[in-house]
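Student: here is my input; please provide its structure:
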Amino acid sequence: MTIWQAIILGIIQGLTEFLPVSSSGHLVIAPYLFGWQIPESQIFPFDVLVQWGTLLAVIIYFRKDLWGIVRDFLVGIFQKKPFGSTNARMGWYLVIATIPAVVIGFLFKDAIEQVFHSVLATALFLLVTAGLLIISEKIQKTSKDLSKMNWVDALVIGFCQVLSILPGVSRSGSTIAGGLFRNIHRTEAARFSFLMSIPVMLGAGLLSLDDLFEIPNLLSFAPSMVVGFISAAIVGFLSIHWLLKFLNKNKLIYFAYYCIILSVLTVIIFLVR
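Tutor: The predicted model follows:
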């Protein structure tokens with residue numbers, strides 16, 4: 001992987017991690033469309049570790065929210081009032097929402113890595129993302145904020161996140177859709193989606209460390225990972241800010257159309273090649 005390839009893939013990661021169009025899908029499809037021959041031993045570790053760039057972006061963007069949640073969560077435990085405040089409850093909801101993906105990801109890590117090598121499967125899974133976005137917009141009846149959220153909402157969103165383990169199924173798209181399924185306003189659902197991305201991306205990065213150390217000539221690959229990390233962090237921060245503003249007045253349907261177009265285009269190119 002060259003430096004320029006890493007920069008471009010980092011930008012793609014930063015743009016698509018938080019937009020509901022699947023970052024994992026784009027990181028599989030983009031090299032294929034560009035005709036890049038990137039060694040398979042580098043692809044999965046790079047894709048997971050570059051997420052740490054977007055992890056840094058979301059931590060910085062929501063640093064005040066995170067501090068309030070962690071503080072009240074711990075205070076609630078020590079004072080034996082675990083649900084005594086909105087922030088404390090939010091901490092527990094984030095834990096509940098994270099559990100399904102952690103369990104499934106741990107049990108099926110090897111199988112998931114194999115799917116990441118299939119461009120055709122990734123393209124088809126983009127249609128799942130599109131379907132989730134369209135259906136969620138159709139069935140949402142009311143719009144509540146996160147202060148009215150309950151543990152069932154968190155669990156439903158958590159199980160929606162499980163779908164995003166597959167490349168092409170957007171993590172932000174599936175979790176925002178899960179929020180809409182539970183009648184949470186799309187902007188509030190996006191905020192919860194971004195917050196719950198933190199433990200998932202951190203865990204995925206830690207799980208990939210073994211793969212990282214198995215990469216041949218790791219030191220020569222390190223500069224590519226560094227520039228990918230930096231570009232993903234910068235673009236990811238900007239993407240969060242833009243999407244939250246966009247969802248105040250716009251629906252998710254536009255992203256569904258994009259996923260359908262990219263899926264069809266990729267399948268056509270795949271069949272022609």
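Student: hmm, who's touching stretch 25-39?
Tutor: 1, 5, 8-9, 12-13, 16, 43, 47, 50, 116-119, 122-123, 125-126, 129, 167-170, 262, 266, 269-270 (Cβ atoms under 8 Å, 6 or more residues apart in numbering). Glycine gets a C-beta too; all of them are placed from N, C-alpha and C.
Student: count of neighbours near Leu124?
Tutor: When neighbours are defined as other Cβ atoms under 10 Å, Leu124 has 15 of them.
Student: OK, contacts around it?
Tutor: 168, 263, 267.
Student: quick check: the second one vs Ile269, distance?
Tutor: So that's Ser263. 11 Å (Cβ to Cβ, to the nearest Å).
Student: which one of these two has more residues nearby?
Tutor: Taking neighbours as other Cβ under 10 Å, Ser263 and Ile269 compare with Ser263 leading, 23 against 14.
Student: in CSV, list the contacts of Leu124 along with pLDDT and distance to Leu33.
Tutor: Converted to CSV, those look like this (pLDDT from 0 to 100; distance: Cβ to Cβ, whole Å):
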residue, pLDDT, distance to Leu33
Gly168, 86, 14
Ser263, 93, 12
Val267, 91, 12
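Student: from these, which land in helices?
Tutor: Using DSSP state H, the subset of those located in helices is 263, 267.
Student: returning to what we had before: mark which of the contacts of stretch 25-39 are buried, thanks.
Tutor: For the contacts of stretch 25-39, burial is judged from neighbour counts taken by 16 or more other Cβ atoms under 10 Å, and it is met by 1, 5, 8-9, 12-13, 16, 43, 47, 50, 116, 119, 122-123, 125-126, 129, 167-170, 262, 266.
Student: those residues in helices, which ones?
Tutor: Counting by DSSP H, the buried ones among the contacts of stretch 25-39 contribute 5, 8-9, 12-13, 16, 43, 47, 119, 122-123, 125-126, 129, 262, 266 to helices.
Student: most widely separated two among those?
Tutor: Gln5 and Thr129 (24.6 Å; Cβ to Cβ).
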